[in-house]
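# I need the structure of the sequence given here:
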Amino acid sequence: MRVSLVRCPDYGEPGLSGAVERALAPLGGLGAFVRPGDRVLLKVNLLLGVPPERAVTTQPEVLEAVIRMVQDLRGKPIFGDSPGGSHTAATYRGVLRRTALLPVAERTGAEVACFDEDAVEAPSPGGRVFRHFRVARAVVESDVVIGLPRLKTHELTGLTAGVKNCFGYVVGLDKMQYHLHARRDAALFAEMLLDVHGVRPPALTLLDGVVAMEGQGPSAGRPRPLGLLLASASAPALDVVATRIVGLLPARVTTLAPAAARGIGPASPDEVEVVGERIEDVAVSDFEPPAAARILPAPGWAAGFMQRWFSSRPEPDPGTCVRCGRCAEACPPHAIAWSKGELPRIDDDACIRCWCCHEICPEGAMRVIGPRIPLDPASPGFRRVLGAVEPLRTAFRRVRGGR
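Numbers count the residues shown, from 1 in each chain. From the prediction side, this is the model:
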């Protein structure tokens, strides 16, 4: 599995186009993936209708550079995504305008696909959780699919890059149902993401790390310039390299291990051939990870207790929240109560920690609040819990004949 890694300091031209070409050259160039006459779907990230400087969505300059390259090869570029929530053609156009991708379509003449307006049932060969999904017609009917994600942290999956970008294949509010199916099980959600990826694995993924996002991603984090582009024919392999660059623990990026188990991702970094820059030369040591603490594995009878006391939770910031209600609309288990003009109220017992509310908030007002009892063994809260259970542990040892 080969991953190309190149430096790209900014989005200015001609430097950006040159960097894209250098990234693709070790893979055979774009011509290895696109033939004359091909309809080429560029799967962008359109999570929210926010300006590109927030580093939430696909950078317009990156999209335009790839569109021009596809056109030079006499391919027919089309780009699209299914943003958070449900969209009509009119609201989708608004998202494109606010993310500055609509002017790209106007300048280049590229076709725009509104995923939510035209969906079909598609199989996922080898699916472990689901074998069929309702996805955008453009995904299954294009000749080539190229992913154009941005490198960002993600509160549920750890990182959103190549594989996670494919979740946008699924249309509209259907995405909420898959979150609801997985509920608190991050591992199950990761398997489902790989099933979606299996509907149409991108022939090529170009990951934008020129300006990434750290912290409370994928929408409320901070832009973090890294000055990098990554490219690969394997989205799982690309994700492994991205994880190493930003210094996340591989176990925190939930899709890596199951992708390896399925044989579609590398089982170890040694199985990835990195060409171009060396990871050691571009890796960062101070990249801020996602804030959410993962819920510890627990039997069903204890899951609620573990979630309440040991997991992070969403909470609206009164000073930032504009009381729009988008979080309540996006909540799969309907755990958020909201009335016009009022601050949303979250039912902690009903919340499944899917972070959809955090992801969809246009103001970044749904913050990630740390666990009531931190999992850090050095924390006072953790020590208090250990002190409280120590008499029980002592009694148990005595019953078993221990000391």
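# any low-confidence regions in the stretch 1-150 of the chain?
Along the stretch 1-150 of the chain, no part satisfies pLDDT under 70.
# if we go to 80?
Scanning the stretch 1-150 of the chain with the threshold set as pLDDT under 80 gives 85-86.
# what segments of it are helices?
For the stretch 1-150 of the chain, the helices defined by DSSP state H, counting those that start in this stretch cover 15-24, 60-72, 89-98, 102-108, 137-141.
# which one of these lies closest to residue 229?
helix 15-24 (4.7 Å; CB to CB). To be clear about C-beta, it is placed using only N, CA and C from the backbone, and glycine gets the same treatment.
# how about the closest one: buried residues?
If you call a residue buried by 16 or more other CB atoms under 10 Å, then helix 15-24 has these buried ones: 16, 17, 19, 20, 22, 23, 24.
# picking that back up, right, so of the helices of the stretch 1-150 of the chain, which gets closest to residue 333?
helix 89-98 (24.2 Å).
# residues in contact with residue 320?
363, 364, 365 (CB atoms under 8 Å, 6 or more residues apart in numbering).
# on that earlier part again, closest to residue 272 among the buried residues of helix 15-24?
residue 23 (15.3 Å).
# so the spatially closest residue to the closest one that is not a sequence neighbour is in which element?
Spatial nearest neighbour of residue 23, excluding adjacent residues (CB to CB, 6 or more residues apart in numbering): residue 231 at 4.2 Å. Using DSSP states H and E, residue 231 sits in strand 222-232.
# related to what we said a few turns ago, could you redo the helices of the stretch 1-150 of the chain as CSV and give each row distance to residue 287?
Compiled in CSV, those are given as follows (distance: least, CB to CB, whole Å):
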stretch, distance to residue 287
helix 15-24, 21
helix 60-72, 20
helix 89-98, 27
helix 102-108, 29
helix 137-141, 31
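# gap between the two ends of stretch 14-30?
Its start and end residues considered, stretch 14-30 measures 17 Å (CA to CA, to the nearest Å).
# domain ranges for this protein, per the record?
2-282, 300-372 (automatic domain parsing).
# the first one: end-to-end distance?
Domain 2-282 has an end-to-end distance of 17 Å (CA to CA).
# centre of the chain versus it, how much separation?
Centre-to-centre, domain 2-282 and its host chain are 9 Å apart (CA atoms, centre = their mean, to the nearest Å).
# what's the separation between the most centrally placed residue in the chain and residue 73?
Note on the chain: the residue nearest the mean C-alpha position is residue 160, at 2.8 Å, using CA atoms, centre = their mean. Residue 160 is 28 Å from residue 73, where distance means CB to CB, to the nearest Å.
# same deal with residue 93?
28 Å.
# can you check residue 316 too?
Distance from residue 316 to residue 73, by CB to CB: 48 Å.
# the two: who's more crowded?
residue 316 (22 against 17; other CB atoms under 10 Å).
# who are the contact partners of the nearest residue to the more buried one once chain neighbours are set aside?
Leaving out its chain neighbours, the residue that sits closest to residue 316 by CB to CB, 6+ apart is residue 344, at 5.1 Å. Residues near residue 344 by CB under 8 Å, 6+ apart: 316, 321, 323, 325, 327, 328, 336, 337, 338, 357.
# with residue 208 instead?
Contacts of residue 208 (CB under 8 Å, 6+ apart): 58, 59, 62, 148, 149, 150, 151, 229.
# between those residues, which is nearest residue 52?
Among the contacts of residue 208, and counting by CB to CB, the member closest to residue 52 is residue 59, at 5.6 Å.
# what mean pLDDT does stretch 360-369 get?
This predicted structure assigns stretch 360-369 an average pLDDT of 88.
# how about stretch 84-97: buried residues?
For stretch 84-97, by 16+ other CB under 10 Å, it's 84, 85, 86, 87, 92, 93, 95, 96.
# wait, stretch 216-227
Residues 216, 217, 218, 219, 220, 221, 223, 224, 226 are the ones in stretch 216-227 that count as buried (16+ other CB under 10 Å).
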